[in-house]
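1. Sequence plus predicted model, see below.
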Amino acid sequence: MKRALLPLALLSLVLCACADPASPASPSVTPSDTPSPSSTPSPTPSETPGVAANVTCNEISFYLDPALASSALCETVPVSPYEFEPYPEHTRVTLQGYPLSGTFFTAHISVYSVADFADVLPVLFPERVTDLQALVGGGSAPVFTGPFASPLPFLPQFEAAQAFFARYGVIPLTNGSGIRFLTEYAQYYVPVNNTDLFYTYQGLTSDGQYWVSAILPINLAVLPADYLAGFGGQTEEQFSDGYEPYITTAVGQLDAAAPGAFNPTITMLDALVVSIAIAP
């Protein structure tokens, strides 16, 4: 993680992303030649996916558009023994042949047992479940009010903070529901940039047994390539001094961009999420 500028007390109160350690993997699953949903409109909670799943990994199955990835690597990730990166044994599907490379995170989907995560994170995890249930249950849509303020529910945990969120929406799973948003995680006042920006989905199955976390890098052509370019010639201190108006403007830019202006498109990533089903 890059140089820390935020107080550690703030970082200890938030949940954030981390790349799970690799475990012995099964062979990659190559999507079958099934009609692509990538041109369908962004889904709403009343819609159901129109194509059959072509990837299955343990308890998760979904439709993987060949335009989004060429194959999927199925793994069972062992429990994390680290105090600041706790998570239980879980399923992870890594998308291979994804359109973007060199990003901070790899494109992947993780499925966690709610009961198992409560065992390894007994203080913070129940609050995350309650917060997510309130959002998907018809609660008021959150409004971005400033940097590192009121982070949206997110798993797994890591020692960094949610700098902002944009393009919030409630999106269904085949047998559940959750929230989608764009964000970056950092230990410093991070510019919005194409190395760190990602689309995430955080959802729960209808029976409350599983939490689904998708972390999918995404780019927008008008953004700087990385955080250094995002400083725009300023020092880190100069950039941080003007961070609040900067990030408010940047979030507005992300919210105003057309879904098709992103790579991959918002529509394509939403379609992937809608196709996800979790077996009991």
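-> Ah, there it is.

2. So the nearest residue to residue 166 once chain neighbours are set aside, which state does it fall into?
-> On the basis of Cβ to Cβ, 6 or more residues apart in numbering, the spatially nearest residue to residue 166 that is not a chain neighbour turns out to be residue 254, at 3.8 Å. Every residue, glycine included, has its C-beta placed from N, CA and C. Judged by DSSP: H, G, I helix; E, B strand; the rest coil, the three-state class of residue 254 is helix.

3. what's around residue 254, how many residues?
-> Burial of residue 254 is recorded as 23 neighbouring residues (other Cβ atoms under 10 Å).

4. Name all residues that make contact with it.
-> Residues counted as contacts of residue 254 (Cβ atoms under 8 Å, 6 or more residues apart in numbering) are 166-167, 182, 192, 220.

5. What ranges in the chain fall below the confidence cut-off?
-> Applying pLDDT under 70 to the chain flags the ranges 1-50.

6. Which members of the contacts of residue 254 are positioned in strands?
-> Taking DSSP state E, the ones among the contacts of residue 254 that sit in strands are 166-167, 182, 220.

7. can you pick the most crowded of those residues?
-> With neighbours defined as other Cβ under 10 Å, the most crowded of the ones in strands among the contacts of residue 254 is residue 182; it has 24 neighbours.

8. I'd say that one and residue 169 touch.
-> No. With the criterion set as Cβ atoms under 8 Å, residue 182 and residue 169 do not qualify as a contacting pair; they are 10.4 Å apart.

9. still on that earlier bit, output the contacts of residue 254 in JSON lines; the columns should cover distance to residue 226.
-> JSON lines is the format used below for those (distance: Cβ to Cβ, whole Å):
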{"residue": "166", "distance to residue 226": "19"}
{"residue": "167", "distance to residue 226": "21"}
{"residue": "182", "distance to residue 226": "17"}
{"residue": "192", "distance to residue 226": "11"}
{"residue": "220", "distance to residue 226": "14"}
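
10. ok, what's across the strand from the spatially closest residue to residue 90 that is not a sequence neighbour?
-> Residue nearest to residue 90 in three dimensions, not counting chain neighbours: residue 112, with 4.7 Å by Cβ to Cβ, 6+ apart. Under the criterion DSSP bridges, residue 112 forms beta bridges with residue 211.

11. what's the distance between residue 112 and residue 217?
-> Taking Cβ to Cβ, to the nearest Å as the measure, residue 112 falls 21 Å from residue 217.

12. And for residue 191?
-> Relative to residue 217, and taking Cβ to Cβ, residue 191 is found at 16 Å.

13. Settle it for me: which of those two has more neighbours?
-> Taking residue 191 and residue 217 together and counting by other Cβ under 10 Å, residue 191 has the greater number of neighbours (26 against 23).

14. Let me see the contact set for the residue lying closest to the more buried one once chain neighbours are set aside.
-> Nearest-residue entry for residue 191: residue 230, 2.5 Å, with adjacent residues in sequence omitted and distances by Cβ to Cβ, 6+ apart. Listed by Cβ under 8 Å, 6+ apart, the contact partners of residue 230 are 190-193, 223-224, 239.

15. out of those residues, what pair is the most spread apart?
-> The largest distance within those, taken as Cβ to Cβ, falls between 223 and 239 and amounts to 15.1 Å.

16. Show me what the helix or strand containing residue 134 is packed up against.
-> When secondary structure is defined by DSSP states H and E, residue 134 falls within helix 125-136. Counting contacts by 3 or more Cβ pairs under 8 Å, 6 or more residues apart in numbering; DSSP states H and E, the secondary-structure elements packed against helix 125-136 are helix 114-120, strand 176-183, strand 198-205.

17. what's the distance between the residue most central in space within the chain and residue 234?
-> Nearest to the centroid of the C-alpha atoms of the chain, with distances taken as Cα atoms, centre = their mean, sits residue 200, at 2.0 Å. Between residue 200 and residue 234 the computed distance is 28 Å (Cβ to Cβ).

18. thinking again about what came up before, using CSV, list the CA coordinates for the helix holding residue 134.
-> Written as CSV, here are the backbone C-alpha positions of helix 125-136 (Å, rounded to 0.1, in the frame of the first residue of the first chain):
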residue,chain,number,x,y,z
PHE,A,125,-19.0,-8.0,10.8
PRO,A,126,-22.5,-8.1,12.3
GLU,A,127,-22.7,-4.3,11.9
ARG,A,128,-21.7,-4.7,8.2
VAL,A,129,-24.5,-7.2,7.7
THR,A,130,-27.0,-4.9,9.3
ASP,A,131,-25.9,-1.9,7.2
LEU,A,132,-26.1,-3.9,4.0
GLN,A,133,-29.5,-5.4,4.8
ALA,A,134,-30.8,-1.8,5.5
LEU,A,135,-29.6,-0.6,2.1
VAL,A,136,-31.0,-3.4,0.0
